[in-house]
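1. please work out how this folds:
(chains A and B)
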Amino acid sequence: MLDFLFSGWGAFWMTMAMLLPFAGMFWYVIHRKSVVDCGPSTTLPAAMSRIESYWLTAVFVIFVTINLASLKFMPIMATALAATGGGPVQEVELTATSWKYEMSTREVEAGKPVRFSGRAKDTQHGFAVYHPDGRMLFTMLMMPGVSKATSVVRTFTETGTYKIRCLEYCGIAHHGMQDELIVVKSKVAT
Amino acid sequence: MTIATAIVNSTPVFGRMFNVDKSTGLEEINAWPALMIMASFIWLAVAGVLGLVMPATQIFNLDTGHFYTTLTLHGAALAFPFSFQLMIGVGLHRSGGCVGKAITGWLPAMTFITMNLGAAILTVAILMGFKVSLVVMFPLPLVGAQMGIWSMNTVIVGFTGIYLVLACMILLYPLLVLKMLFHGKKRPELVLAERSLNDPGMLGMTLSALTLLISGLPLVAVGTTLLLALYGVIPMSMAAWAAEPVVFQYVFFIFAHNLMEAMALMVTSAMYATLPLYLADGTRKLFSDKLANAGLWILLLTSITSFLHHFITSYPAQPAALAYWGNIMSWGTGIGAALSIFTVLATIWQHGLRAEPGIIMALLGWVLYILDGASAMVTSNIAWAYVLHGTMWQSGHVMTVILAMSVMWMGVLYHHYPVITGRKLDPVLGTWFIRLFTVGGFGAAISMLAGGAAGMPRRFADWNQEGWMIYGHLIVIFGLILGAAFVVYLYNLLQSRELNEAIGQRVGAT
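-> A predicted model of the protein is given here:
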């Protein structure tokens, strides 16, 4: 459930979940107070204050809950854990330049964390990894001239050929800046 | 007759929409706003056509270079000379009428000239090959010149245009607003609806002007340095600090992000000012001024540093602490929005609403703005940022915020139009605009968000990869409906002359 929520389509449905009740409430209030009965409301000020408190409390609780639930899915967390955990990590170092990637390897093993460390050589570039079924798994923004490489740690669970795309507009051949990453079965039984 | 009135009168087609009414003695607050609003709609026409050409280049498999050209042209025309200039025009008319001060002299003239000349120069540069997208993507302009994609002269022309537009938005317009609010003598004959600076209908205007000025000054410093180096006034070595991609990107987004927030503050304030005028029981009061102002302050304080969410996916180049901060502050803006939502709905609930097209347009823009706010908060969460950044989600977010705020201003313009021109707009056409915009605006926004959810990259000339073209088709269909809505709106402005119903009413008397 949470795995889906913190995917691209999960984001879409979360946005709709925020919009639709609000849009419905908006339509109801406007319709009710401009068509059905546009006279002054008989709702007492104390009741309005109560509604205000409920509304703000609900908004606050929902916002906090969503963000706390997302902690587990923040790649920054996984990257920080991998940096301090001391376990084996597969390293993929890459340099992005218009309009190609130089990568230390294009093959990684499933089931083991992979640390992608990327730098941009000329202008801004992205490094987005797409699952073989077309879903985007994550993206990295790389800016030239920064001292630290952009980094993400990811553990692939499925083998296959993953598409890599640049998602930062980098000029007239930006759409052709692509590569592939092959995820193979683990060579050592874990 | 002022020079602004003369320009409006001599402009074909669009000039007929905004012929200034000189019979009321209000030309000093009507003329420059009328010219700016007219110019903004000319740019809308340009941006609208380009917005449809952009997906068409993909659907008909045209040269990918055309896509990137129209992408840059469309974004630049829509965001600055249309949306921002519309805000300047209607916003100035509001503030002029609220504080009773003339909008005359060199400052409004320079505001108009720098915005439109700058946008025109940038357009020339783009047509010369300067395909850098709306957000410049620095250091792409310089890298493109080094790679021979465009010439260094093109870069100089493009940067000159951008600099003029920025000078308008960061310096001239905020100074003009602040001068009107804090300096000069009030002229009672120009007061249409007097408001104090603490009034929710004015507070957003002050905060917005200060936000633009303060958040934009670092970009002015960087832009001035780069431009001086490009023109050879100072050696390139002296501009090296400003040409650092990190420096440019951070100062750019400190401004660009807060530009959108400043526009939100301004339009929220306009909503607070306009809504009470359409309450059914004639009370002309918001549910709570304190709550309304609290919403504006929270929005301001949280949004200032939430720009950090633009760089979440560059971790650890941007430290994690700043990413978390950007995440939290971005969701904090939602608290400010929640207060504003409650204020608007509670006001309508308590006092009833006269559902005229102008106020319904403004409220419709408000709902679209909430959709945009939700999409912005979602993409500012660190977990979601990693699966949405760089996708069509972001394009949908930017287009939606520009569209939402523009429609809110177009609704507010309904209210100001009779004062400016002495003519009345047709409510039936207004209702048709609302119907078409509801379908087109929400349809286009949701299609773009869905494309982003499916991983469709933004600023990307090949939507056929991974079957993303379906979203392209949806964007075109809803874009056409949206285009039809704007045509109806402009036709309403054009034919209002034929109604010949000069009502001569002042805004404050409605």
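
2. settle this for me: B:Ala239 is touching B:Ala229, isn't it.
-> Yes - the pair B:Ala239 / B:Ala229 is scored as a contact, 3.5 Å apart, by CB atoms under 8 Å. The way it works is simple: take the backbone N, C-alpha and C, and place the C-beta from them, glycine included.

3. can you tell me the residue of chain A closest to chain B?
-> Closest to chain B within chain A is A:Leu167: 2.8 Å, counting by CB to the nearest CB.

4. element containing that residue?
-> Using DSSP states H and E, A:Leu167 falls within no helix or strand.

5. and the pLDDT for it?
-> We have a pLDDT of 97 for A:Leu167.

6. show me what the lowest-mean-pLDDT helix or strand in chain A is packed against.
-> Counting by mean pLDDT, DSSP states H and E, chain A has its least confident helix or strand at helix A:75-85, which shows a mean of 83. In terms of contacts (3 or more CB pairs under 8 Å, 6 or more residues apart in numbering or on different chains; DSSP states H and E), helix A:75-85 is packed against strand A:113-120, strand A:150-155, helix B:320-351, helix B:382-388.

7. surely A:Ile182 is within a helix?
-> No - applying DSSP: H, G, I helix; E, B strand; the rest coil, one finds A:Ile182 to be strand, outside a helix.

8. contacting residues for it?
-> A:Arg106, A:Glu107, A:Val108, A:Gly160, A:Thr161, A:Tyr162 (CB atoms under 8 Å, 6 or more residues apart in numbering or on different chains).

9. for the last one, name its beta-bridge partners.
-> With DSSP bridges applied, A:Tyr162 shows beta-bridge pairing to A:Leu181.

10. tell me how many other residues surround it.
-> When counting by other CB atoms under 10 Å in any protein chain shown, one arrives at 19 neighbours for A:Tyr162.

11. can I assume it is in contact with A:Asp179?
-> No - counting by CB under 8 Å, A:Tyr162 stays clear of A:Asp179, with 9.6 Å between them.

12. where do the helices sit along chain A?
-> Taking DSSP state H to define them, one finds helices in chain A at A:2-5, A:8-31, A:45-70, A:75-85.

13. and the shortest one, C-alpha only, in CSV?
-> When you say that, I think you mean helix A:2-5. Provided in CSV are the C-alpha atoms of helix A:2-5 (Å, rounded to 0.1, in the frame of the first residue of the first chain):
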residue,chain,number,x,y,z
LEU,A,2,2.7,2.5,1.1
ASP,A,3,4.9,1.3,-1.7
PHE,A,4,2.3,2.3,-4.2
LEU,A,5,1.5,5.6,-2.4
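
14. by contact count, what packs against it?
-> helix A:8-31.

15. would you mark the buried spots in the helix it packs on?
-> Buried residues in helix A:8-31, counted by 16 or more other CB atoms under 10 Å in any protein chain shown: A:8, A:10-12, A:14-16, A:18-19, A:22-23, A:26, A:29-30.

16. centroid-wise, who is the farthest residue in chain A?
-> The centre of chain A is farthest from one residue, A:Gly39, which by CA atoms, centre = their mean lies 46.8 Å away.

17. what's it sitting at in phi/psi?
-> Dihedral pair for A:Gly39: phi -80, psi 170, per degrees, to the nearest 10.

18. and for it, nearest residue in space, chain neighbours not counted?
-> The shortest distance from A:Gly39 to any non-neighbouring residue, by CB to CB, 6 or more residues apart in numbering or on different chains, is to B:Gly352 (5.8 Å).

19. how about that neighbour, what does it touch?
-> A:Lys33, A:Ser34, A:Asp37, A:Cys38, A:Gly39, A:Pro40, A:Ser41, B:Leu279, B:Ala280, B:Asp281.

20. so B:Leu413 makes contact with B:Met38?
-> No - counting by CB under 8 Å, B:Leu413 stays clear of B:Met38, with 11.2 Å between them.

21. which residue does chain B bring closest to chain A?
-> Taking CB to the nearest CB as the measure, the point where chain B comes nearest chain A is B:Gly390, at 2.8 Å.

22. what count of nearby residues applies to that residue?
-> A count of neighbours around B:Gly390, defined by other CB under 10 Å, yields 27.

23. please name the nearest non-neighbouring residue to it.
-> Closest to B:Gly390 by CB to CB, 6+ apart is A:Leu167, at 2.8 Å.

24. what are the phi and psi angles of that neighbour?
-> According to degrees, to the nearest 10, A:Leu167 has phi -110, psi 10.

25. over to the one 4 residues further on?
-> Backbone dihedrals for A:Gly171, given as degrees, to the nearest 10, come out at phi 120, psi -170.

26. which residues touch it?
-> Neighbour list for A:Gly171: A:Ser98, A:Trp99, A:Thr123, B:Lys131, B:Leu140, B:Val143, B:Gly144, B:Met147, B:Ile149 [criterion: CB under 8 Å, 6+ apart].

27. and the buried ones among the residues you listed, selectable in ChimeraX?
-> The following ChimeraX line selects those of the contacts of A:Gly171 that are buried, judged by 16+ other CB under 10 Å:
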select /A:98,99,123 /B:131,140,143,144,149
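
28. which one of the contacts of A:Gly171 is nearest B:Leu117?
-> Minimum distance to B:Leu117 across the contacts of A:Gly171 is 21.4 Å, recorded for B:Lys131 (CB to CB).

29. top of the contacts of B:Gly352 by neighbour count?
-> Going by other CB under 10 Å, A:Lys33 tops the contacts of B:Gly352 with 24 neighbours.

30. isn't that residue right next to B:Tyr278, touching?
-> No - A:Lys33 is not in contact with B:Tyr278 according to CB under 8 Å; the separation is 11.1 Å.

31. what do the two both touch?
-> By CB under 8 Å, 6+ apart, A:Lys33 and B:Tyr278 have these common neighbours: B:Leu353.

32. torsion angles phi and psi at the residue of chain B closest to chain A?
-> Dihedral angles of B:Gly390 (phi, psi; degrees, to the nearest 10) stand at phi 80, psi 0.

33. next up, the contacts around it.
-> A:Gly126, A:Ala128, A:Thr139, A:Leu141, A:Leu167, A:Glu168, B:Thr313, B:Pro457, B:Arg458.

34. and which of the residues you listed is nearest B:Tyr489?
-> B:Arg458 (27.4 Å).

35. need the nearest residue in space to the closest one, chain neighbours excluded.
-> B:Ser395 (4.3 Å).

36. so that neighbour sits right up against B:Arg459, yeah?
-> Yes - taking contacts as CB under 8 Å, B:Ser395 lies within contact range of B:Arg459: 7.5 Å.

37. got any residues that touch both of the two?
-> If you check B:Ser395 and B:Arg459 against CB under 8 Å, 6+ apart, no residue is contacted by both.

38. quick check: B:Pro188 touching B:Val99?
-> No - using CB under 8 Å, B:Pro188 makes no contact with B:Val99, being 11.3 Å away.

39. between the two, who's got more neighbours?
-> B:Val99 (23 against 7).

40. check contacts around the more buried one.
-> Contacts of B:Val99 by CB under 8 Å, 6+ apart are B:Met180, B:Leu181, B:Lys186, B:Val191, B:Glu194, B:Arg195.
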